[in-house]
Structures are given as structure tokens and as C-alpha cells.
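Asks: return atomic coordinates for the entry below.
(one chain, ligands or ions: 1)
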Amino acid sequence: MDIQLFLPTFHVEECLQEIRECLEKGWTGAGFKTVAFEEAWGKYTDLPYAHFVNSATAGLHLAVHVLKNRLNWKDGDEIITTPLTFVSTNHVILYENLKPVFADVDEYICLDPVDMQNKLTRKTRAVMFVGMGGNPGQYEKIVEICRQNALALILDAAHMAGTRLNAKHIGKEADVSVFSFQAVKPLPTADSGMVCFSLPEDDQLARKLTWLGINKDTYSRTVSGGAYKWMYEVEHIGFKYHGNSIMAAIALVQLKYLDQDNAYRRKLTDWYIERLQGQNLIQIVPTAPGCESTRHLFQILVDYRDELILALNECGVYPGVHYRDNTEYSMYQYASGTCPRAHDISCKILSLPLHLRMTKSDVDRVSELVVKHAGKLLRPNKK
Ligand SMILES: *Cc1c(COP(=O)(O)O)cnc(C)c1O
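Replies: Numbering: from 1, shown residues only. The predicted model follows:
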């Protein structure tokens, strides 16, 4: 049996029941289930505002856009960010004509607070922090530095639905945190996300912008009634970023199982650690102390990574890479060479298969193959 990197697991009957309610009611858009899910998410995370959008990319763009607006950032102002992430983290900075300035990563493969400070300039306005694989790295230090330097903090929490730090759900410390509910993330739907601002005025503006700048949503107009329920005002050039009730229906069900699912992912990674710890060709990426990670990823560093992937594929095991150093992409080449550690890690990093349908014996099998092939690859006629 093949072992894939990810395999989303849904509580099918319960999801269908929630979706059925939408279809029978005749309401699949924004409102109804999206409102219920925003409430449920707020309760689960204890974040003050939760706004459901159609992807984390949309949420991240709104985050940058709203902060730029309120804090009066100018085109060309800088946001410090990481080169080891999914490109949407950095694209959203460019959407707003701001400049991604890359700082290097630490041993957790998250933004390194020391290099982050080295990259500060008079134009720095914010920091974008990515919790790699659910791991907060040295997030608390970054929070501190942002406060000292009056910088905004955006948390790309795409991997962090359910990550707790010192027993509290992550996100409150940032000006805005953004979660992904894309199919392979810890809380899978098909595509959706949540943007959680810490200030009410940011949340209010974001809610208008999410549906083309229109000041009332269709759902409240439908429920409220009256002769002028068709009437609305358009105050901003907004976007088509809102989430819909079908995605929210799935999310409502999946949220009930999120803690249980994350706990099982941690169990799988504990088994990996048991098997791979102390193997001298394999370096396990550590998890920061004091955190309960979602364990979206289990990452190791190996030499001959690409050869190892091919060898594992031949045995029906399909690992992944998170991520290629973004400064290697032509889009971000201007920053090439500015983050040597990220560059080095980018050639060695490997995410081993990790999903809820895996068993201990799957972990054993993958680990055994990794150890065996990593050892073999050391010997070929290469230096
Ligand atoms: C998946 C991901 C995103 C984007 O999420 P979508 O919901 O697919 O838009 C952003 N940042 C990181 C780190 C991700 O892994």
C-alpha cells in the first residue's frame, strides 16, 4: 500500500448532514453556516474576532491591506518575512506594493529573531511570522521585538489551527492571525480560511472589503426584510473573498474533532521521533518548548534529499518538501543570498508522510526505509 504525504480525513456523514441543511434551506453562500462557524472558531480559539474567508491567501491579503490602510504605510515600505514558506505568504505583501524583506530561519525553521533584527530598516513596518508545521519557533521573542520597535505583527497561522502556546491558543499576540482550512491543513474543508484581527475597527473594515466593499451582506438583508432590503452602499473597492456556507458546514464538523486529530498527529510524530532519533544521517527538526503543535508536518533534514525522495517513491512512499527557499524563485531573486541558512535547509528538508489514516506500522515502515536509504545514499560515488 502506498503511503502519501497527506490524506484529508472527513467525518463524512456528519459533514453531509450539515451540507444537507444548507441545500434544503436554499442557502449556500455567506451567512447562515459561516456565521455559526465564526462563532464556533471564536469560542474555540478565544480570539476576539473571527472572519471566515475563501482561503488563507485571501485572509493574508486582507491582513496586509487593512493594516496598510490604518497605519498609513506607503508603497515600498517593508515587511520582514521568511523565505521558507508557501509563496502566498510573500505574494500578499507584493499585492499591496510593499516589499518583502527576507530574514533567515532558526533551528525550528521559523523566522530567526536575531536575523530579523539585522534586517530592520527605517522602512520596516511589520513582521510576517509563519508557524512552520504548527511549530511556533521563537514567536514569543518576535512578539517582544515587534512591541519594542512598534512594528505590526501578522501571523501566518496556516498550519496552526489548534496550536497552543503556554496552554492558550496561538494568535492573540498578533495584530492579525490567519488560518487555512485548505484540504490538507489541520482543519480540512476544501478551500477556506479565517482572518482574526485584534482590533474591532480592523475587523469591521475587513468584513466590508471581503464582499466588494458593500456595507451590508445579503444574508442580514434577507433576514431583516423591509422595503429597502435591496439597498446598500459601496464605500470601498473591496474583493470577492468571503467564505460560503458549504465550506463552513464542513468546517463546523471538522472543528469538533480538531483536538483529537491534532493529538493523533502528535502521536504519529512521537513514533517517528522514537524510530529516527539518534540516527546520525538524519536530523529531526525540533518543536519549540511549551507548545502543543498541530503537527501539520514532520520534518527532517537529510543530505541527498532528492535521491532519497526517488528511492522512497520506488517503495510507494511519497514524502514532500516544505519549502523551497522563496529567494530561488525568479519573483524573489532580488533577495538571493540574503538567507544562507534557509538556502542550505531548503536543499535538505523533507516532510515525511503524516495523516490520520496512518498507523504505527506505517510510521515504522517509512522510518525503516528512510534509515536504510539514507545510509545507502552516503556511499555512492559522490563527495
Ligand atoms: C497553505 C498555506 C497558505 C495558503 O493557504 P490557502 O488557504 O491555500 O490560501 C499560506 N501560508 C502557508 C504557510 C500555507 O501553508
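
Asks: so which bits of stretch 83-93 are buried?
Replies: Using 16 or more other CB atoms under 10 Å as the test for burial, stretch 83-93 gives 83, 84, 85, 86, 88, 89, 90, 91, 92, 93. C-beta coordinates here come from the backbone N, C-alpha and C atoms, glycine included.

Asks: please apply the same query to stretch 102-118.
Replies: Neighbour-count burial for stretch 102-118, counted by 16+ other CB under 10 Å, picks out 102-106, 108-113, 115-116.

Asks: start to end distance for it?
Replies: 11 Å (CA to CA, to the nearest Å).

Asks: ranges for the helices of the stretch 251-383 of the chain?
Replies: Using DSSP state H, counting those that start in this stretch, the helices of the stretch 251-383 of the chain run over residues 258-276, 305-314, 340-348, 360-377.

Asks: got the angle for the first one vs helix 360-377?
Replies: Helix 258-276 runs at 40 degrees relative to helix 360-377, counting by axes from the mean of the first three to the mean of the last three CA atoms, to 10 degrees.

Asks: alpha carbons of helix 258-276, in PDB - could you do that?
Replies: Only the C-alpha atoms of helix 258-276 are listed here, as PDB (Å, rounded to 0.1, in the frame of the first residue of the first chain):
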ATOM      1  CA  LEU A 258      -9.600  19.100  15.600                       C
ATOM      2  CA  ASP A 259      -8.100  18.500  19.100                       C
ATOM      3  CA  GLN A 260      -8.500  14.800  18.700                       C
ATOM      4  CA  ASP A 261      -7.000  14.900  15.200                       C
ATOM      5  CA  ASN A 262      -4.000  17.000  16.300                       C
ATOM      6  CA  ALA A 263      -3.400  14.700  19.300                       C
ATOM      7  CA  TYR A 264      -3.200  11.700  16.900                       C
ATOM      8  CA  ARG A 265      -0.800  13.700  14.600                       C
ATOM      9  CA  ARG A 266       1.400  14.300  17.700                       C
ATOM     10  CA  LYS A 267       1.300  10.600  18.400                       C
ATOM     11  CA  LEU A 268       2.400   9.800  14.900                       C
ATOM     12  CA  THR A 269       5.300  12.200  15.200                       C
ATOM     13  CA  ASP A 270       6.300  10.800  18.600                       C
ATOM     14  CA  TRP A 271       6.500   7.400  16.900                       C
ATOM     15  CA  TYR A 272       8.700   8.900  14.200                       C
ATOM     16  CA  ILE A 273      10.900  10.500  16.800                       C
ATOM     17  CA  GLU A 274      11.300   7.200  18.600                       C
ATOM     18  CA  ARG A 275      12.400   5.500  15.400                       C
ATOM     19  CA  LEU A 276      14.600   8.200  13.900                       C
END
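
Asks: among the buried residues of stretch 102-118, which two are most distant?
Replies: 102 and 108 (16.7 Å; CB to CB).

Asks: sorry, back to before: same list (the buried residues of stretch 102-118) but as TSV, adding pLDDT and distance to the ligand.
Replies: TSV is the format used below for the buried residues of stretch 102-118 (pLDDT from 0 to 100; distance: CB to the nearest ligand atom, whole Å):
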residue	pLDDT	distance to the ligand
102	98	15
103	98	16
104	98	17
105	98	13
106	98	16
108	98	14
109	98	11
110	98	11
111	98	12
112	98	17
113	98	19
115	98	19
116	98	17
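
Asks: could those go into CSV alongside secondary structure?
Replies: Shown next, in CSV, are the buried residues of stretch 102-118 (DSSP: H, G, I helix; E, B strand; the rest coil):
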residue, secondary structure
102, strand
103, coil
104, coil
105, strand
106, coil
108, coil
109, coil
110, coil
111, strand
112, coil
113, helix
115, helix
116, helix
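
Asks: nearest to residue 139 among the residues you listed?
Replies: Closest to residue 139 out of the buried residues of stretch 102-118 is residue 110 (7.1 Å), distances taken as CB to CB.

Asks: contacting residues around the spatially closest residue to that closest one that is not a sequence neighbour?
Replies: Distances taken as CB to CB, 6 or more residues apart in numbering put residue 137 closest to residue 110, at 2.7 Å, once the chain neighbours are dropped. Residue 137 is in contact with 106, 108, 109, 110, 111, 131, 288, counting by CB atoms under 8 Å, 6 or more residues apart in numbering.

Asks: in what helix or strand does residue 137 lie?
Replies: Following DSSP states H and E, there is no helix or strand that holds residue 137.

Asks: now it: phi and psi?
Replies: For residue 137, the backbone dihedrals (degrees, to the nearest 10) come out as phi 50, psi -130.

Asks: need the per-residue pLDDT for it.
Replies: Note on residue 137: pLDDT of 98.

Asks: and stretch 158-170, is it in reach of the ligand?
Replies: Yes: contact of stretch 158-170 with the ligand (CB under 6 Å from any ligand atom) involves 158, 159.
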